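**Student:** Starting from these lines, generate the structure:
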Amino acid sequence: MKQKTTDITLAAYLKTKGYTLVEVTITGRQGTFVFEGVDGDEVNQFFIGNAQVEPTAFHNAIRQLTTACKRIGSNE
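**Tutor:** Numbers count the residues shown, from 1 in each chain. Modelled structure (predicted):
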């Protein structure tokens, strides 16, 4: 199942969990992230606060996604 989100923390969580990021689009200053093969239960666990990932990897994923958005946004 594909998961589309504008929530950078959810995107960082999915990236940290190893899901494949297949698309990033920018609208104004907001990025939209699309992941492939996401288990719906994984997203539910994130939203109810039961998700766990390594903190440094999560922080690095946020930085990578932020940088990707800035680069894509500057190319438009």
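
**Student:** so what's residue 43 up against?
**Tutor:** Neighbour list for residue 43: 3, 10, 14 [criterion: C-beta atoms under 8 Å, 6 or more residues apart in numbering]. In short, each C-beta sits where N, CA and C put it, glycine included.

**Student:** Next, work out how far apart residue 7 and residue 74 are.
**Tutor:** Between residue 7 and residue 74 the computed distance is 22 Å (C-beta to C-beta, to the nearest Å).

**Student:** Tell me which of those two has more neighbours.
**Tutor:** Per other C-beta atoms under 10 Å, whichever of residue 7 and residue 74 has more neighbours is residue 7, with 14 against 8.

**Student:** still on that earlier bit, reformat the contacts of residue 43 as TSV; add distance to residue 38, pLDDT and neighbour count.
**Tutor:** Formatted as TSV, these follow (distance: C-beta to C-beta, whole Å; pLDDT from 0 to 100; neighbours: other C-beta atoms under 10 Å):
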residue	distance to residue 38	pLDDT	neighbour count
3	4	95	19
10	10	97	19
14	6	97	26
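
**Student:** Mind exporting the C-alpha coordinates of the longest helix along the chain to PDB?
**Tutor:** For the chain, the helix with the greatest residue count under DSSP state H is helix 55-75. Taking C-alpha atoms only, helix 55-75 is exported to PDB below (Å, rounded to 0.1, in the frame of the first residue of the first chain):
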ATOM      1  CA  PRO A  55      16.600   8.500  17.900                       C
ATOM      2  CA  THR A  56      19.700   9.400  16.000                       C
ATOM      3  CA  ALA A  57      18.500   7.700  12.800                       C
ATOM      4  CA  PHE A  58      15.100   9.500  13.200                       C
ATOM      5  CA  HIS A  59      16.800  12.800  13.600                       C
ATOM      6  CA  ASN A  60      19.000  12.100  10.500                       C
ATOM      7  CA  ALA A  61      15.900  11.200   8.500                       C
ATOM      8  CA  ILE A  62      14.300  14.500   9.400                       C
ATOM      9  CA  ARG A  63      17.400  16.300   8.300                       C
ATOM     10  CA  GLN A  64      17.600  14.400   5.000                       C
ATOM     11  CA  LEU A  65      13.900  15.000   4.200                       C
ATOM     12  CA  THR A  66      14.200  18.700   5.000                       C
ATOM     13  CA  THR A  67      17.200  19.000   2.800                       C
ATOM     14  CA  ALA A  68      15.500  17.100  -0.100                       C
ATOM     15  CA  CYS A  69      12.500  19.500   0.200                       C
ATOM     16  CA  LYS A  70      14.800  22.600   0.100                       C
ATOM     17  CA  ARG A  71      16.700  21.200  -3.000                       C
ATOM     18  CA  ILE A  72      13.500  20.300  -4.800                       C
ATOM     19  CA  GLY A  73      11.900  23.600  -3.900                       C
ATOM     20  CA  SER A  74      14.900  25.600  -5.200                       C
ATOM     21  CA  ASN A  75      14.700  23.800  -8.500                       C
END
